[in-house]
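Novice: One predicted model, sequence on top.
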Amino acid sequence: MRSAWRAIAVVLLAGSCLSAGPVQAEASKAEAQSVAEVVRRQGQPSVVWFDATGREVWEYGSNPFRFTGLRFVFDDQGRVVYSEETRQERDIRRIIAGQSDRQDVREILGEPARLFVIRGEMHWEWAVFWLARIPHRLVIQFDERGVVKDIGKYRLTVRGSGVAN
């Protein structure tokens with residue numbers, strides 16, 4: 001009986017996570033907002049960095065599973081000049097094995113959720129939606145020079161239920 005209740009809970013949790021609408025609406029309303037307004041609406045960012053032009057960039061995960069993220073770029077007066085939802089299929093397709101490097105990947109996808117080394121090669125991992133918003137793990141492998149060697153996408157499922165989580 002407990003396993004039946006657990007299965008129901010997993011299905012409901014997975015459904016609620018997947019049915020949550022995209023966060024693009026939040027990002028698209030952000031232009032010209034102040035730093036304080038962004039903090040009030042989104043909370044503290046998970047990562048703050050500066051782009052090549054010196055503009056401050058804030059990144060947020062969009063849900064507990066962090067399948068997508070939000071990025072806000074501020075001008076020198078502390079106003080949002082650009083915002084977007086990150087880790088979309090369009091972003092992943094911009095990364096090209098043999099051409100993109102760690103900096104390119106970091107600027108396109110944001111901070112990785114996990115870093116690990118296998119046989120001396122660095123791997124970065126994110127949770128992403130792929131193919132009609134199906135949850136996947138995206139793993140990018142880098143060679144010793146820091147250039148993308150391989151890109152892998154692995155579908156996430158709850159063991160035994162057949163339901164993606």
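Specialist: Structure's in. What do you need? Residues are numbered from 1 along each chain as shown.

Novice: Is Phe142 bridged to anything, and to what?
Specialist: Val148 (DSSP bridges).

Novice: so who does Trp126 touch?
Specialist: Contact partners of Trp126, counting by C-beta atoms under 8 Å, 6 or more residues apart in numbering, are 66, 87, 109-110, 112-113, 137-138. Glycine gets a C-beta too; all of them are placed from N, C-alpha and C.

Novice: Report the lowest-confidence entry in those residues.
Specialist: Across these, the bottom pLDDT score, 72, is held by Arg66.

Novice: show me what contacts that one?
Specialist: Contacts of Arg66 (C-beta under 8 Å, 6+ apart): 113, 126-127.

Novice: Reformat the residues you listed as TSV; add secondary structure and distance to Glu37.
Specialist: Listed next are the contacts of Arg66 as TSV, based on DSSP: H, G, I helix; E, B strand; the rest coil; distance: C-beta to C-beta, whole Å:
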residue	secondary structure	distance to Glu37
Ala113	coil	27
Trp126	strand	28
Ala127	strand	28
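
Novice: Now Ile92: which helix or strand?
Specialist: helix 89-93 (DSSP states H and E).

Novice: Any buried residues in the helix or strand following that helix, and which?
Specialist: Next along the chain after helix 89-93, taking DSSP H and E as the criterion, comes helix 102-109. Using 16 or more other C-beta atoms under 10 Å as the test for burial, helix 102-109 gives 102, 104-105, 107-109.

Novice: nearest to Val117, of these?
Specialist: Arg102 (13.5 Å; C-beta to C-beta).

Novice: Assess the claim that the closest one and Gly146 are in contact.
Specialist: Yes: using C-beta atoms under 8 Å, Arg102 is in contact with Gly146, at 4.6 Å.

Novice: Now do the shared contacts for the two.
Specialist: In contact with both Arg102 and Gly146: Met122, using C-beta under 8 Å, 6+ apart.

Novice: just to revisit the earlier point, so which bits of the helix holding Ile92 are buried?
Specialist: 91-92.

Novice: average pLDDT for it?
Specialist: For helix 89-93, the mean per-residue pLDDT is 92.

Novice: from the chain's centre, how far out does the helix or strand harbouring Val128 sit?
Specialist: Following DSSP H and E, one finds Val128 within strand 121-130. From the chain centre to the centre of strand 121-130 is a distance of 9 Å (C-alpha atoms, centre = their mean, to the nearest Å).

Novice: do the same with stretch 76-90
Specialist: Using C-alpha atoms, centre = their mean, the offset of stretch 76-90 from its chain centre is 13 Å.

Novice: Now distance to Arg155 too, for the contacts of Arg66, in JSON lines please.
Specialist: As requested, these are arranged in JSON lines below (distance: C-beta to C-beta, whole Å):
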{"residue": "Ala113", "distance to Arg155": "16"}
{"residue": "Trp126", "distance to Arg155": "14"}
{"residue": "Ala127", "distance to Arg155": "12"}
